[in-house]
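Peer 1: got a sequence here, can you build the structure:
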Amino acid sequence: MGLYRPVGMADTNAQQFLLIQQHLGEGRTGEALAELRVLLSRQSDHGKAQALYGRILMEHLLDYLAAEEAFRLAMRQAPAYPDLYYDYGDLLLRLDKGTETVAVLNKALEVPGIEKDRIYHLFGNLYERQAKWEDALDYYTKAILYSLSDEAIRRYTAAIERVKQKSSLL
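Peer 2: Numbering: from 1, shown residues only. Purely as a prediction, here's the structure:
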């Protein structure tokens, strides 16, 4: 038997998801959103697509409540998808939902492949917003220790300097 394999629905969905990500990367948000709606109408339990839909709702349409619902669905459908946690954590911070943010970020630390430095950075953001300076400094420091990116380390170092400056004002 040859290498021919019929393209199934799962393959079609995966290809469409990649196309959606490509559209977003190229700044074609409208096209990405249209493709995403088609994919979700065909497979409403596609957790990665649901997470991406939440990101678009949050970042481009500024519809935070709809984004939150999309992220909640994605948490049930694709709990091992790392990108979900970065975006959902960011949204919960924007909505000033501290308790929920902690729960989502703690869950994220258990996800295989998660970039812990990014999660620790979100924790730092949370505690900085709450004016818990020492906690913020601790988490930004953890972010640096777990990072393998010089650019990210510069951002985390800048966050530490910002917190030190804020804390000296009080």
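Peer 1: list the helices and strands the host helix or strand of G30 packs on?
Peer 2: Per DSSP states H and E: G30 is located in helix 29-42. Under the contact definition 3 or more Cβ pairs under 8 Å, 6 or more residues apart in numbering; DSSP states H and E, helix 29-42 sits against helix 9-25, helix 47-59. Glycine gets a C-beta too; all of them are placed from N, C-alpha and C.
Peer 1: for the first one, buried residues please.
Peer 2: When neighbours are counted by 16 or more other Cβ atoms under 10 Å, the buried residues of helix 9-25 are found to be 13, 16-17, 20-21, 23-24.
Peer 1: swap in stretch 35-53?
Peer 2: Buried-residue list, stretch 35-53, by 16+ other Cβ under 10 Å: 35-36, 39-40, 43, 46-53.
Peer 1: and the helices in this protein, which stretches?
Peer 2: 9-25, 29-42, 47-59, 64-77, 82-94, 98-108, 116-129, 133-146, 150-169 (DSSP state H).
Peer 1: quick one, the last one and helix 133-146 angle?
Peer 2: Inter-element angle recorded for helix 150-169 and helix 133-146: 170 degrees (by axes from the mean of the first three to the mean of the last three Cα atoms, to 10 degrees).
Peer 1: kindly calculate the angle that helix 150-169 makes with helix 116-129.
Peer 2: Helix 150-169 and helix 116-129 are oriented at 20 degrees to each other (the same axes, to 10 degrees).
Peer 1: break this structure down into its domains, please.
Peer 2: For the chain, automatic domain parsing gives the domain ranges 18-114, 116-170.
Peer 1: any chance of those domains in CSV, with mean pLDDT too?
Peer 2: Output for the domains of the chain, formatted as CSV (pLDDT from 0 to 100):
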stretch, mean pLDDT
domain 18-114, 96
domain 116-170, 97
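Peer 1: now render the helices and strands packed on helix 29-42 as JSON lines, adding distance to G89.
Peer 2: Below are these laid out as JSON lines (distance: least, Cβ to Cβ, whole Å):
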{"stretch": "helix 9-25", "distance to G89": "19"}
{"stretch": "helix 47-59", "distance to G89": "11"}
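Peer 1: out of these, flag the one nearest D135.
Peer 2: Nearest to D135, of all those, is helix 47-59, at 25.0 Å by Cβ to Cβ.
Peer 1: list the helices and strands that closest one packs on?
Peer 2: Using 3+ Cβ pairs under 8 Å, 6+ apart, helix 47-59 is in contact with helix 9-25, helix 29-42, helix 64-77, helix 82-94.
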